[in-house]
Every structure is written in C-alpha cells, then in structure tokens.
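Trainee: structure of the sequence below:
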Amino acid sequence: MTATYLETNPIRPACASLPSPAKILLSSRAYHSQTTPLMADILLIDDDDMLRELLCGALSHIGHTVREAHNGSIGLQEYRKKRPDLVITDIVMPDKEGLGIIMEIRQMQPDAKVIAMSGGLAHAPKLYLHMADKLGANAVFSKPFHLPELLDTVSLLLGQAPSKTNPAS
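Mentor: Predicted structure coming up:
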C-alpha cells in the first residue's frame, strides 16, 4: 500500500496510517478484500485536509495506491504526469475548481473514471453535482456522504466487486 502526498510537508507524511475514524469504520463494516486487491492508482483532489486524509487512509487500507493533491492545479499536474485509474475530486476548491478539472480530464482522456464530490455552497450543492454529472463524472457524492458507499462505488468503477464481507458470516 503506497500513498504519495504531493505537497512537501515534513510534519505530515503520506497517508501511511489510517486516521482513527476510518480505522473504526472500516473494521466495523468488514471492508477487507475477499480476493487479491486491484491495487489501482487513485488521484484524490480535495482542499479539505481532514477529508483527504480520511479518504486516503480508507483507500490505502483496501489496497489502492493514492496520490493526493490539495488543489485542482496540482491535481491536474499530477494527472498529466501519470494518468490514474480513477480520479476523486472535490468540486468547490480554491485555485481550480472540480468542474474545470472534469472538463480538462475529459478532453485528455474521454473514458477516464471520475468521482466528483461536493458540499458546495450551502445554497447550491445539488447544482454543482448536477453540473459535474453533465460534464461526465461517473458518480457524484454530496458531502457529507457515507464512506462505505464511496468505497463501493470506487470498487464498481474499477471493475471490482464491492469488498464488504457478508455480515451474517
């Protein structure tokens, strides 16, 4: 499990360990791969440090390599360096918004897999998500969302069955 933190930060290393809430949720929901994980390369773009850390930890925990970007400009630079298997992007961010990211990714790679998420502005999160859908996001999530649903969507987009264990087992 590898993660890359794209901003030089001597205090916070790459998401090598799970934050406590993600660790608790993942173990309680039994998110463990029943087969060999796909080890997909995922680019995670979000300006919310805490959410980015939580998602990075959860995705790394289930076997994916996660590259992080704290804004859209850095995210697009990383996308151009190495195209990931999946992009998860926030929509409302400083520097470059997620809608612009989706448009540029679609121009570079029309079949790219993209998940957009937004809490948007308090008055219009659904508008942003609708626009992201129209621009070609494969899935959209309104913040706050349920982590297991996002992880299931990631698995489905990557062609892997959701990795939940049957609770009756």
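Trainee: can you spell out which helices and strands pack onto the longest helix along the chain?
Mentor: For the chain, the helix reaching the highest residue count under DSSP state H is reported as helix 49-61. Using 3 or more C-beta pairs under 8 Å, 6 or more residues apart in numbering; DSSP states H and E as the contact criterion, the secondary-structure elements in contact with helix 49-61 are helix 20-28, strand 41-45, strand 65-69, helix 147-157. The C-beta positions use only the backbone N, C-alpha and C, and glycine is treated the same way.
Trainee: so for the first one, mean pLDDT?
Mentor: It refers to helix 20-28. Helix 20-28 carries an average pLDDT of 46.
Trainee: circling back: buried stuff in the longest helix of the chain?
Mentor: For helix 49-61, burial by neighbour count (16 or more other C-beta atoms under 10 Å) applies to Leu51, Arg52, Glu53, Leu54, Leu55, Cys56, Gly57, Ala58, Leu59, Ser60, His61.
Trainee: ok, so of the residues you listed, who is nearest Gln77?
Mentor: Distance ranking of the buried residues of helix 49-61 against Gln77, using C-beta to C-beta, places Arg52 first at 16.4 Å.
Trainee: in contact with the closest one: list those residues for me.
Mentor: Leu44, Asp46, Glu68, His70 (C-beta atoms under 8 Å, 6 or more residues apart in numbering).
Trainee: ditto for Leu135
Mentor: Taking C-beta under 8 Å, 6+ apart as the contact definition, Leu135 lies against Leu99, Ile102, Met103, Arg106.
Trainee: could you redo the last one with a cut-off of 6 Å?
Mentor: Remark: with contacts taken as C-beta atoms under 6 Å, 6 or more residues apart in numbering, Leu135 is in contact with Ile102, Met103.
Trainee: any idea what Asp41 is bridged to?
Mentor: In this entry, Asp41 is beta-bridged to Thr65, by DSSP bridges.
Trainee: buried subset of the contacts of Arg52 as a ChimeraX selection?
Mentor: Provided next is the ChimeraX selection string for whichever of the contacts of Arg52 are buried by 16+ other C-beta under 10 Å:
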select :44,46,68,70
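Trainee: pLDDT and distance to Leu76 added to the contacts of Arg52, as TSV?
Mentor: Formatted as TSV, those follow (pLDDT from 0 to 100; distance: C-beta to C-beta, whole Å):
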residue	pLDDT	distance to Leu76
Leu44	98	13
Asp46	97	14
Glu68	97	14
His70	96	13
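Trainee: let's have the contacts of Arg52 in a markdown table, adding distance to Gly119.
Mentor: Written out in a markdown table, the entries for the contacts of Arg52 read as follows (distance: C-beta to C-beta, whole Å):
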| residue | distance to Gly119 |
| --- | --- |
| Leu44 | 16 |
| Asp46 | 11 |
| Glu68 | 19 |
| His70 | 16 |
